[in-house]
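>>> Sequence first, then the predicted structure:
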Amino acid sequence: MTKWRQRVESKNLDELLSATIKAGMKMGAIRKTDFEHVNVDTTVSEKNISFPTDAKLTYKMIFKLGKHAKSHGIKLRQSFVRVGAMSYIMQSRFRRANQHKKANREIMKL
């Protein structure tokens, strides 16, 4: 359903929705009073939530802090981008292999 929705433009989706509503009103399945109060359920919609303990967030933070320091003229002896990238990759591999202690160690290194 998501791929189909992404292929169809939003303008066309509005037309499709209005046609569906008109058909429902013609059939008597819905009334105008049904639209006075609308409940919106967001449990199915995508959410951009990451926990602060996630390695992905930590790696992003390392990368952005390095850029921020560079833009303000702060010289760093080491940016930790390469070290962080390797730790990020390795923790992912350890998690996949169910080696959680090693994965946690790599996150601590991050």
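Nice, thanks for sending it over.
>>> drop to CA atoms for contacts and neighbour counts, all remaining ones
OK.
>>> residues in contact with the spatially most central residue of the chain?
The chain has Asn48 as the residue nearest its centroid, 3.3 Å off, counting by C-alpha atoms, centre = their mean. Applying C-alpha atoms under 8 Å, 6 or more residues apart in numbering to Asn48 gives no contacts.
>>> any idea whether it is helix, strand or coil?
coil (DSSP: H, G, I helix; E, B strand; the rest coil).
>>> So what does it have for phi and psi?
Per-residue torsions, Asn48: phi -100, psi 80 (degrees, to the nearest 10).
>>> Quick one, grab the pLDDT at it.
With respect to pLDDT, Asn48 has a value of 73.
>>> Could you measure from it over to Leu57?
12 Å (C-alpha to C-alpha, to the nearest Å).
>>> How about Thr2?
26 Å.
>>> Who has more neighbours out of those two?
Ranked by neighbour count (other C-alpha atoms under 10 Å), Thr2 and Leu57 place Leu57 first, with 13 against 6.
>>> can I assume the more buried one is in contact with Ser50?
Yes - if you go by C-alpha atoms under 8 Å, Leu57 and Ser50 touch, sitting 7.1 Å apart.
>>> Look at Met108 and give its secondary structure.
Strictly by three-state DSSP, Met108 counts as helix.
>>> What residue spans form the domains of this protein?
Listed domain ranges for the chain are 2-35, 55-109 (source: automatic domain parsing).
>>> taking the ones you listed together, which one is wrapped up most tightly?
domain 55-109 (a mean of 15; mean count of other C-alpha atoms under 10 Å).
>>> can you tell me the distance between the two ends of that domain?
10 Å.
>>> Which strands or helices does the worst-scoring helix or strand of the chain on mean pLDDT pack on?
For the chain, counting by mean pLDDT, DSSP states H and E, helix 2-7 ranks last in confidence among helices and strands (a mean of 73). For helix 2-7, not one helix or strand is in contact under the criterion 3 or more C-alpha pairs under 8 Å, 6 or more residues apart in numbering; DSSP states H and E.
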